[in-house]
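> Based on what follows, work out the 3D shape:
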Amino acid sequence: AAAAASPADKERFICIYPAYLNNKKTIAEGRRIPIDKAVENPTSTEIQDVCAAVGFNVLLEKNKMYPREWNRDVQYRGRVRIQLKQDDGNPCLPQFPTRKSVMLYAAETIPKLKTRTQKMGGSDQSLQQGEGGKKGKGKKKK
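Sure thing, here's the model as predicted:
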């Protein structure tokens with residue numbers, strides 16, 4: 001019985017490594033979304049935060065490393081497992097049918113985290129506020 005459950009479990013829980021969303025990386029280095037949608041050095045904790053906030057069942061694996069990540073620093077460690085589908089194969093959250101939709105959502109939301117907006121002093125701040133107003137368009141505020 002255990003063997004039967006595991007492939008399905010893997011299907012339902014997708015892995016997201018911070019590298020997938022990192023605008024400092026090339027596709028070859030593991031980025032999986034368009035660079036203009038990616039985030040600067042996202043952490044697994046940030047990915048966990050935004051996904052948990054939207055209602056996903058999220059698991060943070062702190063000591064996992066992305067295989068292509070050469071930098072062994074703690075901030076680059078970690079992998080997030082997210083339950084994308086229920087046992088019957090339907091999406092847990094209908095607005096996120098694919099892993100890509102989750103990645104894009106996380107990348108879009110991480111820059112808005114309080115920890116981000118406070119930490120980034122200086123030039124970054126003004127740039128973000130300039131875009132912030134237009135970008136939101138008031139969607140996905142559930």
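
> State the helix or strand in which the closest residue to Ala53 other than its chain neighbours lies.
Spatial nearest neighbour of Ala53, chain neighbours left out: Thr109 (7.9 Å); criterion: CB to CB, 6 or more residues apart in numbering. Every C-beta, even on glycine, is put in place using the N, C-alpha and C of the backbone. Element membership of Thr109, judged by DSSP states H and E, is helix 99-109.

> Can you list the low-confidence ranges for this protein?
The chain contains residues with pLDDT under 70 at 1-11, 119-142.

> Okay, strands next: where are they in it?
All strands of the chain, identified by DSSP state E, fall at 13-16, 58-61, 79-83.

> Tabulate these in CSV, adding columns for distance to Pro94 and mean neighbour count.
CSV is the format used below for the strands of the chain (distance: least, CB to CB, whole Å; neighbours: other CB atoms under 10 Å):
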stretch, distance to Pro94, mean neighbour count
strand 13-16, 16, 18
strand 58-61, 17, 16
strand 79-83, 14, 22
